[in-house]
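Student: Below is the structure, and that's it, no one-letter string:
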Ligand code: ZN
């Protein structure tokens, strides 16, 4: 079948590839309809690796996807041929300790689409477990369905933050993950959500589409502390760190009220120093996340209910046959762009 294949670092082709696999009784076969390009796809394209995951052989790209079911296994209930769905891309070992403990995202044996050596879903059809395939309500588009994957990180962050009505939040990083985390926090009950970044076009994007929900802080001009002080706040209840920038950690405790919590989402490229005493003096707590667990149905509900308007996030679309151009564009993404979507034939 035809697929978008990362042949090696720096080289993508759209070509025929033999993908094996038989449909199991609890699987569905899906024809992908829309697939978003993720930062991780671009990273594998440019660097050939992320940490210990190295592209040593050709790999089909893509893991943020929606599609149509074209075949169901004999034991599948609740899903049928023709259903519009989105897919959670990490398949755990259902007997692992982590899975049994409800942390299937942390199962070392998880097979995650487009993470070497596992093929992704930018191809003509994929086989996937029915229990990781979620039906889209009629008012949720294929594009919104494909966005469910990155949004899942934001919704999981909001869940981990244990948001209480009226909490205030400060999000560092205005990339896709920063924006969806901020939107999830606002929808989950935060009264004020600040988003801080150094990239003006990203902040302009937020001002254009989400000024009713989010307040931007331009880090090249202001310090978040002075913004909080001007707003009469001693600090925020929650900091979401979605930039991965080591510099944020220098003053991260200062932004929080006593008893506040931080959710660490961004991945710094190297270990960062951390002020333990500053944390203790305020009894701050830290939550971390790795991808997400048990949130896809919540994400779909939030989109369907209108609580999460994510349509503006897609700033450019490509056809499947133009996937090489799509990845080239994503690899040098202008700061004014957010999510690049590939429409499958
Ligand atoms: Zn992704």
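Tutor: Everything's here; your move. Not measured: the values here are computed from a predicted model. Numbering: from 1, shown residues only.
Student: I figured residue 315 was touching residue 336, is that so?
Tutor: Yes. The criterion here is Cβ atoms under 8 Å, and residue 315 meets it with residue 336 at 7.3 Å. C-beta coordinates here come from the backbone N, C-alpha and C atoms, glycine included.
Student: what are the phi and psi values for the residue in the stretch 1-150 of the chain positioned nearest to the ion?
Tutor: Residue of the stretch 1-150 of the chain nearest the ion, by Cβ to the ion: residue 38 (3.1 Å). Main-chain torsions, residue 38, degrees, to the nearest 10: phi -100, psi 160.
Student: Residue 32: neighbour count?
Tutor: 25 (other Cβ atoms under 10 Å).
Student: just to confirm, which helix or strand has the nearest residue to it once chain neighbours are set aside in it?
Tutor: Counting by Cβ to Cβ, 6 or more residues apart in numbering, the nearest residue to residue 32 once its immediate chain neighbours are dropped is residue 67, at 4.2 Å. Taking DSSP states H and E as the criterion, residue 67 maps to strand 64-72.
Student: for the record, mean pLDDT for that strand?
Tutor: Taken as a whole, strand 64-72 carries a mean pLDDT of 98.
Student: Check what contacts it and list those residues.
Tutor: For strand 64-72, contacts defined as Cβ atoms under 8 Å, 6 or more residues apart in numbering pick out 23, 28-38, 79-87, 89, 113, 121, 125-126, 130, 133, 136, 142-150, 344.
Student: Residue 182 and residue 216: what is the separation?
Tutor: Distance, residue 182 to residue 216, using Cβ to Cβ, to the nearest Å: 10 Å.
Student: so the residue of the stretch 1-150 of the chain closest to the ion touches residue 63, yeah?
Tutor: Yes. Applying Cβ under 8 Å, one finds residue 38 in contact with residue 63, separated by 6.4 Å.
Student: list the residues that contact both of these two?
Tutor: With Cβ under 8 Å, 6+ apart, residue 38 and residue 63 have common neighbours 114, 149.
Student: tell me, how many neighbours does residue 130 end up with?
Tutor: Residues lying near residue 130 (other Cβ under 10 Å) number 20.
Student: do residue 214 as well
Tutor: Residue 214: 24 surrounding residues under other Cβ under 10 Å.
Student: Now that we're looking at residue 280, what pLDDT does it have?
Tutor: 97.
Student: That one: neighbour count?
Tutor: Neighbours of residue 280 (other Cβ under 10 Å): 10.
Student: same deal with residue 276?
Tutor: 9.
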